[in-house]
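Novice: next one to model:
(one chain, ligands or ions: 2)
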Amino acid sequence: NHSVQSTNVPMSQRSDYVDLCRNIIRDMDLYGVCVLDNFLGYQRGMTVLDEVLNLYNMGVFKDGQLVRNKASNNLKTIRGDQIIWVDGREDSCKQIGQLISDVDAVVMGSNKMNDNGKLGNYTINGRTKAMVACYPGHGSHYVKHVDNPNKDGRCITAIYYLNKDWDIKENGGLLRIFPEGWSDQVADIEPLFDRILFFWSDRRNPHEVQPAFKTRYAITLWYFDGNEKEEAGRKFQDASQSNICCYQNVCDLNSMHVP
Ligand SMILES: COc1ccc2cc(-c3cnc(C(=O)NCC(=O)O)c(O)c3)ccc2c1
Ligand SMILES: [Mn+2]
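Specialist: Numbers count the residues shown, from 1 in each chain. Ligands and ions are numbered 1, 2, ... in the order given. As a prediction, the model looks like this:
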C-alpha cells in the first residue's frame, strides 16, 4: 500500500517514478498483488471521474455480466457491472487516455526495471483497451472468479478506482482476493478514489466483488504476455473460438516508448 506524490508531470518524469516501479516489482513478486494510493492525484483523478460520469450519463454503458443469483437459485440474475470499452483516443476520453499511458508507464517501467528485465518472468507486449465498469448499486456484485483461468495471454490485471467518499460498511463493493497459497488469508481492497490495484490475472488470484449498494466505478486494463498470447492465438485458432472479449480490444505496446 504505497502513496504516489501527486504532481502533473508525465508519470515517467516524476521523481518517485522509479520508487513506484520498484514497489510494484516487490509487491508483485511477494504477494502477486499491489495497491497504490493517490495514483494520479486529486485534480487529475477528478478529471477522469468526470469523463466516466459523462459517459455513464450518455447511456453508452452495456449491460454487464449476467450473474446467476446462486443463493436463491431462482432464474432471477443480478446484473454485475455495466461496461464500455475505451481506447483513450476518443474525444470525450482524453483524461482516461492519460490515465492509460500512466498505467502503461509504470507497468512497462517495472517490466524493464526488474533485474531480469521481466515482471514475473513475463514479456509484456500488449494490453486490452480500457474497460470502464460501473456496478449500479442495489446489490450488484461479481461472483468469485479468475480473470484468466485458461492461459488466454492476460498476465496482469490493473484496476483504477474512482469512488469518492466510499464507506465500505454502508456501500459494500469490497474487492476480496483469495491469493493461492496463502491458505486462509484474503486481501480486502476498498474501491477508493484514485487508488490503483495490480494483480496476476491467472489462477493465483481468485477474487469477488461483494454486493455494492452505491454506484461503483472502476477502469480495468489487462496486460498481455507475448508468449502466452501467441500460444493462445494458435490454440483458439484451432478451436476457432476466441472466448475473451479482450482480443478485439488489443493495443500493441511494442511501439510504446519507455525511458
Ligand atoms: C465477453 O465480454 C466480456 C466483457 C466484460 C467482461 C468483464 C469481466 C470482469 C472481470 N472481473 C471484474 C472484476 O473482478 N472487478 C473487480 C473490481 O471491480 O474491483 C469485472 O468487474 C469484470 C469479465 C469478463 C467479461 C467479458
Ligand atoms: Mn475479475
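Novice: mind checking the SS state of Asn148?
Specialist: coil (DSSP: H, G, I helix; E, B strand; the rest coil).
Novice: next secondary structure after the lengthiest strand in the chain?
Specialist: For the chain, the strand with the greatest residue count under DSSP state E is strand 216-225. Sequence-wise, the next helix or strand downstream of strand 216-225 (DSSP states H and E) is helix 226-238.
Novice: packing partners for that next one?
Specialist: In terms of contacts (3 or more C-beta pairs under 8 Å, 6 or more residues apart in numbering; DSSP states H and E), helix 226-238 is packed against strand 124-128. In this view, the C-beta of every residue, glycine as well, is placed from N, C-alpha and C.
Novice: can you give me the angle the strand it packs on makes with helix 226-238?
Specialist: 50 degrees (axes from the mean of the first three to the mean of the last three C-alpha atoms, to 10 degrees).
Novice: quick check: closest non-adjacent residue to the closest residue to ligand 1 within the stretch 51-200 of the chain.
Specialist: With C-beta to the nearest ligand atom, the shortest gap between the stretch 51-200 of the chain and ligand 1 falls at Leu175, namely 3.7 Å. Leaving aside its sequence neighbours, Leu175 sits nearest to Ile189 (C-beta to C-beta, 6 or more residues apart in numbering; 4.4 Å).
Novice: pLDDT value on the one you found, please?
Specialist: Looking at Ile189, its pLDDT is 98.
Novice: list the contacts for Gly88?
Specialist: The neighbourhood of Gly88, defined by C-beta atoms under 8 Å, 6 or more residues apart in numbering, consists of Lys94, Ile96, Gly97, Gln98, Leu99, Ile100, Ser101, Lys129, Ala130.
Novice: show me what contacts the last one?
Specialist: If you count contacts by C-beta under 8 Å, 6+ apart, Ala130 has them with Trp85, Val86, Asp87, Gly88, Ile96, Leu99, Ile100, Ile219, Thr220, Leu221.
Novice: what's the closest non-adjacent residue to the third one?
Specialist: Read it as Asp87. Nearest non-adjacent residue to Asp87 (C-beta to C-beta, 6+ apart): Lys129, at 4.6 Å.
Novice: my guess is that neighbour meets Arg89, correct?
Specialist: No - the pair Lys129 / Arg89 is not scored as a contact, 9.9 Å apart, by C-beta atoms under 8 Å.
Novice: for the stretch 151-259 of the chain, what lies in contact range of ligand 1?
Specialist: With C-beta under 6 Å from any ligand atom as the criterion, the stretch 151-259 of the chain meets ligand 1 at residues Ile159, Leu175, Pro191, His207, Val209, Ala218, Cys245.
Novice: and the closest residue in space to the fourth one that isn't next to it in sequence, bridged to which residues?
Specialist: Spelled out, that is His207. Leaving aside its chain neighbours, His207 sits nearest to Ile177 (4.3 Å; criterion: C-beta to C-beta, 6+ apart). Legend: beta-bridge partners of Ile177 under DSSP bridges are Ala187, His207.
Novice: Ile177 is in contact with Phe198, isn't it?
Specialist: No - in this structure Ile177 lies outside contact range of Phe198 using C-beta under 8 Å: 11.2 Å.
Novice: are there residues contacting both of those two? Which ones?
Specialist: Contacts common to Ile177 and Phe198, judged by C-beta under 8 Å, 6+ apart, are Val33.
Novice: phi and psi next, for Val107.
Specialist: Per-residue torsions, Val107: phi -70, psi -50 (degrees, to the nearest 10).
Novice: number of residues surrounding Asn205?
Specialist: Close neighbours of Asn205, defined as other C-beta atoms under 10 Å, add up to 20.
Novice: so it: helix, strand or coil?
Specialist: coil.
Novice: give me phi/psi at it?
Specialist: phi -130, psi 70.
Novice: number the chain from 16, please
Specialist: Let's use 16 as the start, then, which means that last one is Asn220.
Novice: keeping just the C-alphas, turn the host helix or strand of Leu51 into PDB.
Specialist: According to DSSP H and E, Leu51 maps onto strand 48-52. Provided in PDB are the C-alpha atoms of strand 48-52 (Å, rounded to 0.1, in the frame of the first residue of the first chain):
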ATOM      1  CA  VAL A  48      -1.000  -8.100  -5.600                       C
ATOM      2  CA  CYS A  49       0.000  -4.400  -5.300                       C
ATOM      3  CA  VAL A  50      -2.100  -1.400  -4.200                       C
ATOM      4  CA  LEU A  51      -1.000   2.300  -4.900                       C
ATOM      5  CA  ASP A  52      -3.000   5.200  -3.500                       C
END
